[in-house]
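*Asks:* After the sequence you'll find the predicted model.
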Amino acid sequence: MNEFADERLNIKRKVLVVDDEIVNRQMLGKILGEDYEVHYASNGTEALEKLRDESGLISLMLLDLMMPEKDGYAVMEEMKADKELASIPVIVLTSERAAEVQSLQKGAVDFIPKPYDMPEVIKARVKRSIELSEKTNVINATQSDALTGLFNREYFYEYVGLLDHYNPDIKMNALAVNINRFHLINDMRGRKFGNDLLIAMADAIRSLVREEHGIGSRIDSDSFFLYLPVHKTPEEILTVLANGTEAYLDNPRSRIRLGVYESADRALEPERRFDRALMACNSIRKNYSTQIAYYDEVMHKDEAFSERLINDIGKALEEKQFCVFYQAKFAIQEEKDVMSSAEALIRWKHPDLGMIRPDQFIPLFEENGLVQKLDRFVWRESAAQIKAWKDKFGIVIPVLVNVSRIDLLETDFIDEISGIVRSNGLNNEDLLLEVTESAYTENSEQIVEIVNRLRGLGFKVEMDDFGSGYSSLNMLSSLPIDALKLDMGFIRNIHNNDKDMKMVELMMDIADFLSVPVIAEGVEEEEQYRLLKDAGVDLIQGYYFSKPVPAEEFEYMIRERVDSLKEREK
Ligand code: C2E
Ligand code: CA
Ligand code: CA
C-alpha cells in the first residue's frame, strides 16, 4: 500500500458504518459523508459480507455493539480469525462506558460514545485511526516477508538484538532451516505448490515461536531462521516442522535440513551467529541421511580459515600471489586426438599457507562478492597469454575462462570482457566462457538475457558442471549454449558403475537434442577415455591427457604440436 500516492490522488477512503438503527446510520453518514465514501450495514452478518466483498478496501469500520443476532463483539471475533480482515481498524459505537474496556480488549482501536453530539470529535477520531492503521500496515509490509508474514532478514536481526536486550540471561539457540531440492519442487509442481509449502513451513515456525517465546524469519526463498530459547531439542523442533509440511514433502529426497548453533554466543553480532547456524545447515546439503547438523569445532576451524582468506585477498591481489594454470582439452573424435583449447584455472600461492586450491576460496569469495576481481584478473591474464602464444607460434589456442553468476550480473561485464579481448587484438570467439549450470537456474531470465547478448557478439558460452544443477528439459531447450561440459561426478565411476555410464548416455542424448558438442572432464583412466569415446563424447579434459600446468609448461605442449595445430587451423 502506498499512503502517499493515495494522498496525492485524493482518493476518498471507504468507511463502513454498522448500526441496526437507521437514525444512527444517517447521522454518521452525514458527519462523514463529505470526507469518506460511506457504506452501511444494519447487522453483523451484513457487515462481514460487505467487508469481504470489498476485500480489504474498507479503511475503517464504525461498529455498534448492541445489535440483534450477531452483535459487535461477535463481528470482531470473526474478523480477528480472518487474515484478510484482521487488520481493518474498528471504532466501537456505544452508550455504555463499561463496554469501552471490553471492546478495546477485543481489538477495537477506539470508541465513540453515543449520542453523536460532537461531529468534529468523531471526524478527528476516524481520521486518526485510519492514519495510524495505514502507517502500521506500511511498517508491517517492510518488516515482514510478503508471502509468509514472517520477519524479513533485516528486521529479524534487529529483533534478535531486542530479545537479547530484554532477556539477557536466557540461553538461546540459533537455527537455520532449509528445504532440500526446493528449486526442483517449484519447477515440477509449480509456483503455487511451492508457495503453499513455504506458507506451511512459516505456519509451523510461527507455532514454535509462539510456544517457545522466540522469533522466526524467512531469509530468502526456502531459507528460514529461528531464534529459540534452549528448551526443545533440535529433534523435537524438526518434528514440528516436518509435521507441518508433511503434505508437501512426499518425496523422501525433499527433506528439511536443520543447522543448529547451540547456546549462541551473544558476544557475536546476530548475523555472525546465524552464519554459523547456516554453515551447519549447508554442511549436510548433500548428505541424504542426515537432517540435523551442529556448528562444531571443525566448522569453527573452517570459519577461521575462511576469515583468514578474506583478510588476505587484498594483499594477495596487490602482491600478485595469484596465477593461472592451463589444462588442455583434446578433441577425440578425429583420426588422431588433437589439443584444441585450454581451460584457465586460478591458483593462489599463499606466502604462509602454501598453494591453495580454488575449491577452498572461490565459493567463499562468490558468497562474499569478492570473486569478480579474481575472475577479471584471470580473464586479463588468459587473453594476454593467448596473444603471447599467437605472436610466438602463429596460432591461436583458445582459452576457456570461468565466469561466475555474479560476474554476469555486473553492469559493466560485457564492456569489460569485450575490452579485454579487443585490447589484445583477439576475436571474441578466442576467449571462451564457462558458466555453471547452477548459475543458469538462479536468476535464470537475467542470465539468459546476458548470455544471449554475449553470443550475439560472437562469444562462445559453454555450460559447466552439467548434470549437477536442476535444469529441466524445457529450460535447457530455451537456453543459449554452445557446448555441455558434463559434471565430473558422473565421469569418476563410469568404468565400474553401469548406472553412471547410463547417466552419461542420457546426457549425450540431451546434447544431441540441443545439437551441441559434449565435453567430459575429470577423465583419468584409459578405460574412462575409451568408454566416453565410444559413447560419442567430442572433447576430453583430464589428468589422462594432462593436469593443469603453469603457462611455461603448457608452452611445451604447444611446441611439440605446433605443426599439426597449424595444419588444423587451416
Ligand atoms: P571446474 O570449473 O569444474 O574445473 C575443473 C576442476 O577439475 C579443476 O579443479 C581441475 O583441476 C580439476 N580436474 C581436471 N581434470 C581432472 C582429473 O582428471 N581428475 C581430477 N580429480 N580433477 C581434475 P581446480 O583447478 O581445483 O578448480 C576447482 C574449481 O574452482 C573449478 O571447477 C571452478 O569451479 C573453480 N575455479 C577455478 N578457477 C576459477 C576462476 O578463475 N574463476 C572462477 N570463478 N572459478 C574458478
Ligand atoms: Ca570450469
Ligand atoms: Ca566443471
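*Replies:* Arrived safely, thanks for sending. Numbers count the residues shown, from 1 in each chain. Ligands and ions are numbered 1, 2, ... in the order given.
*Asks:* CA only for contacts and neighbour counts going forward, please
*Replies:* OK.
*Asks:* Leu476: neighbour count?
*Replies:* For Leu476, the count of nearby residues is 16 (other CA atoms under 10 Å).
*Asks:* if I look at it, how far off is Ile510?
*Replies:* Look at Leu476 and Ile510: by CA to CA, to the nearest Å, they are 9 Å apart.
*Asks:* ditto for Ile199
*Replies:* To Ile510, Ile199 is 35 Å away according to CA to CA.
*Asks:* With just CA atoms, put the helix or strand that contains Glu236 into PDB.
*Replies:* If you go by DSSP states H and E, Glu236 is part of helix 234-245. Output in PDB follows, covering the C-alpha atoms of helix 234-245 (Å, rounded to 0.1, in the frame of the first residue of the first chain):
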ATOM      1  CA  PRO A 234      16.500 -29.900  17.700                       C
ATOM      2  CA  GLU A 235      14.900 -33.300  17.000                       C
ATOM      3  CA  GLU A 236      11.700 -32.100  18.500                       C
ATOM      4  CA  ILE A 237      11.800 -28.900  16.500                       C
ATOM      5  CA  LEU A 238      12.500 -30.800  13.300                       C
ATOM      6  CA  THR A 239       9.400 -33.000  14.100                       C
ATOM      7  CA  VAL A 240       7.200 -29.900  14.400                       C
ATOM      8  CA  LEU A 241       8.500 -28.500  11.100                       C
ATOM      9  CA  ALA A 242       8.200 -31.900   9.400                       C
ATOM     10  CA  ASN A 243       4.600 -32.500  10.600                       C
ATOM     11  CA  GLY A 244       3.600 -29.000   9.400                       C
ATOM     12  CA  THR A 245       4.900 -29.600   5.900                       C
END
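*Asks:* what packs against it?
*Replies:* Helix 234-245 sits against helix 191-212, strand 256-261, with contacts defined as 3 or more CA pairs under 8 Å, 6 or more residues apart in numbering; DSSP states H and E.
*Asks:* what's the closest of the ones you listed to Ile491?
*Replies:* In terms of CA to CA, the element of the helices and strands packed on helix 234-245 nearest to Ile491 is strand 256-261, at 28.4 Å.
*Asks:* Gln360 - how many residues pack around it?
*Replies:* Neighbour count of Gln360, defined by other CA under 10 Å: 13.
*Asks:* if we can go back for a sec, okay, the helices and strands packed on helix 234-245, which one's buried deepest?
*Replies:* Highest mean neighbour count among those (mean count of other CA atoms under 10 Å): strand 256-261, with a mean of 26.
*Asks:* Compute the distance from the centre of that one to the centre of its chain.
*Replies:* 17 Å (CA atoms, centre = their mean, to the nearest Å).
*Asks:* tell me the mean pLDDT for it?
*Replies:* Taken as a whole, strand 256-261 carries a mean pLDDT of 97.
*Asks:* what's the answer for stretch 346-364, then?
*Replies:* Over the span of stretch 346-364, the pLDDT mean works out to 94.
*Asks:* For that stretch, measure first residue to last.
*Replies:* Terminal residues of stretch 346-364 are spaced 14 Å apart (CA to CA).
*Asks:* Give me the buried positions along it.
*Replies:* Judged by neighbour count using 16 or more other CA atoms under 10 Å, the buried positions of stretch 346-364 are 346-350, 361-362, 364.
*Asks:* Stretch 398-410 too?
*Replies:* Neighbour-count burial for stretch 398-410, counted by 16+ other CA under 10 Å, picks out 398-408.
*Asks:* Against Arg255, how distant is whichever residue of the stretch 151-300 of the chain sits closest to ligand 1?
*Replies:* Among the residues of the stretch 151-300 of the chain, Lys286 lies closest to ligand 1, at 17.3 Å counting by CA to the nearest ligand atom. From Lys286 over to Arg255 the distance is 11 Å, taken as CA to CA.
*Asks:* still on that earlier bit, and of the helices and strands packed on helix 234-245, who's closest to Val177?
*Replies:* Closest to Val177 of those is strand 256-261 (CA to CA; 4.8 Å).
*Asks:* List the contacts of the closest one.
*Replies:* Contacting residues not belonging to strand 256-261 are listed as 173-180, 234, 238, 241-242, 273-274, 276-282, 284-285, 290-295 [CA atoms under 8 Å, 6 or more residues apart in numbering].
*Asks:* repeat that with 7 Å
*Replies:* Contact with strand 256-261 is made by 173-180, 276-278, 280-281, 291-295, as judged by CA atoms under 7 Å, 6 or more residues apart in numbering.
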